[in-house]
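> Here you go, sequence then predicted model.
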Amino acid sequence: MTHILLVEDDRSILTTLTAFLEAEGFAVKTASGQTKALELAAQGQFDLVLLDVSLADGNGFAVCKAIKAEYGLPVIFLTASGDEFSTVTGFELGADDYIAKPFRPRELISRIRNVLRLTGGSKGIITLGNVTVDTVRGTAAKSGQELFLSALEYRLLLTFLNHRGAVLTRTALLESIWDAAGEFVSDNTLTVYIKRLREKIEDDPQDPKLIRTVRGMGYRVD
């Protein structure tokens, strides 16, 4: 059984989401604040953490940083719709995915299973061809040689890995690499970052096999 730590300060969301997750076969423990969340993380063996940014005490960013450093657990942030800063900050701290409120419960289940598929049992190691990503350490390597990725390149790569098989539009990718300083990342900038990432991870950047272009739609990683 998959064990989930749900950290959320909205009592109604906490109750409703817990009931839904348990009905789907997950074992759930809950906390409304930072102190309780870290106490539970230290006591139990969890497979994944669902984490809100705003908590009754402390904040989700501090919880994510501590959980990643101590336990290396996969983390999905629950963020307010349109809150790009929280999304980017979460990725900077090692979050594996995020989902904006309000969300459809089935979409959340899909995100949970996708993250567990990518990280479960692999201690945070994700493989894509001859590229490996250590989500705990925040590093990437190709054929055993470390890749020197910028923060935005790394976030872009994680976005592709967390949505394998799905076609990601340029708009979705732009949202995922929103600049941490709050400056808008332009469409032209996205083109540059995809080109740079391909140059670092593809054997032949002119004929990419890992990050494929889906003409007229966006990009896909299989």
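Received the coordinates, thanks.

> Now do the buried residues in stretch 33-44.
The neighbour-count criterion (16 or more other C-beta atoms under 10 Å) identifies 33, 34, 36, 37, 38, 40, 41 as the buried residues of stretch 33-44. For every residue, glycine as well, the C-beta is placed using N, CA and C.

> ok, the residues you listed vs residue 50, which is closest?
Compare each of the buried residues of stretch 33-44 with residue 50 using C-beta to C-beta and the shortest gap goes to residue 37, at 10.6 Å.

> Tell me which helix or strand comes right after whatever helix or strand the closest one lives in.
Taking DSSP states H and E as the criterion, the element that holds residue 37 is helix 34-43. Next in sequence after helix 34-43, counting helices and strands by DSSP H and E, comes strand 48-52.

> picking up where we left off before, as CSV, could you dump the C-alpha coordinates of the helix holding residue 37?
Output of helix 34-43 as CSV, limited to C-alpha atoms (Å, rounded to 0.1, in the frame of the first residue of the first chain):
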residue,chain,number,x,y,z
GLN,A,34,5.1,22.5,9.6
THR,A,35,5.8,21.2,13.1
LYS,A,36,3.4,18.3,12.9
ALA,A,37,4.4,17.5,9.3
LEU,A,38,8.0,17.1,10.2
GLU,A,39,7.1,15.0,13.3
LEU,A,40,5.2,12.6,11.1
ALA,A,41,7.9,12.5,8.5
ALA,A,42,10.4,11.5,11.1
GLN,A,43,8.1,8.8,12.6
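
> buried sites along stretch 126-133?
In terms of neighbour count (16+ other C-beta under 10 Å), stretch 126-133 has its buried residues at 126, 128, 131, 132, 133.

> Please work out which residues outside that stretch touch it.
When contacts are taken as C-beta atoms under 8 Å, 6 or more residues apart in numbering, the neighbours of stretch 126-133 outside the stretch itself are 118-119, 125, 135, 139-143, 147, 157-158, 161, 201, 203, 209-210, 221.

> Please repeat the previous calculation with a cut-off of 10 Å.
With contact meaning C-beta atoms under 10 Å, 6 or more residues apart in numbering, stretch 126-133 is reached by 96, 117-119, 122, 124-125, 134-135, 139-145, 147, 149, 154, 157-158, 160-162, 164, 200-203, 209-211, 221-222.

> now, which of those lie within helices?
Taking DSSP state H as the definition of helices, the contacts of stretch 126-133 contribute 117, 118, 119, 154, 157, 158, 160, 161, 162, 200, 201.
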